[in-house]
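> Pasted the sequence and its predicted model underneath.
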Amino acid sequence: MITQPIRMLSPVTLLITALMLACVLIAPKAFAQNLTEANVRAFLDSLQAAEPVLREHEDELDEFEDGAETTDLSAIFSSGLEQMKGHAMLKDIEKVTKRHGFSDIEQWAQTGDQVFQAWFALEMEAQGPAAQQEMQRALAEIDNNPHMTEEQKAQMRAMMGTAMNTMNAAKDVPDDAKRAVRPFMDELRAMSEDEDSGW
């Protein structure tokens, strides 16, 4: 277990570690379509419109949360579809997505993946080289931590190495996708912080 040694790290290292682990959740993948402001707007509107559906299916959502460790978090919406197959909630959400102009729920999920990938890339750009510098400092602190075993240090280095690769991969998100998502940054941040949202 590495929980105890983690508690002995400085607040800066803990913050950077948490950030980097969050980065891994939405690692960029190949883009299947060109993202436009219009389909970003449609996707965000569909998320809000689908919230009553999520509330109606809270029991199913609890079941999905129990299996979250098997979700491909780098394509969170597309992966979520796999878990929803065979559930009534899927049909109800698909009705919402079609009302917002998506041909099917698969197209909607791919759009959602791309929106969140572009958002991640923009957040990384906003941090600039400071994030890389902080990570290097955090790695140095882990290496010099006398309370951690070599095995624990190796685990932490591996996690942060994966996060650094994810940060580098964010550079591959197409510029047109970032341009499409940029006007919605504040809205995306607000949605992610809204505890009453089902997403």
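Sure, I can see it. Remember, it's a predicted structure, so these values are computed and weren't measured experimentally.

> the strands in the protein, which residues?
Using DSSP state E, the strands of the chain do not appear at all; there are none.

> residue contacts, the most far-flung residue of the chain relative to its centre?
Farthest-out residue of the chain from its mean C-alpha position, per Cα atoms, centre = their mean: P146, at 33.0 Å. With contact set as Cβ atoms under 8 Å, 6 or more residues apart in numbering, P146 has no partners. All C-beta atoms are positioned from the backbone trio N, CA, C, and that covers glycine.

> before we move on, what about L35?
Neighbouring residues of L35 by Cβ under 8 Å, 6+ apart: 111, 114-115, 118, 174, 176-177, 180-181.

> Just these: which are in helices?
111, 114-115, 118, 176-177, 180-181 (DSSP state H).

> pretty sure A180 contacts T36?
Yes. Between A180 and T36 there is a contact under Cβ atoms under 8 Å: 5.3 Å.

> which of these two has more neighbours?
Taking other Cβ atoms under 10 Å, A180 and T36 do not tie; A180 has more neighbours (21 against 14).

> May I have the phi/psi pair for L35?
phi -90, psi 140 (degrees, to the nearest 10).

> ok, it to Q132 distance?
26 Å (Cβ to Cβ, to the nearest Å).

> ditto for A154
According to Cβ to Cβ, A154 stands 21 Å off from Q132.

> again with E193
25 Å.

> Please apply the same query to S46.
On the measure of Cβ to Cβ, S46 and Q132 end up 35 Å apart.

> Neighbour count for these two, which is higher?
Taking other Cβ under 10 Å, S46 and Q132 do not tie; S46 has more neighbours (20 against 14).
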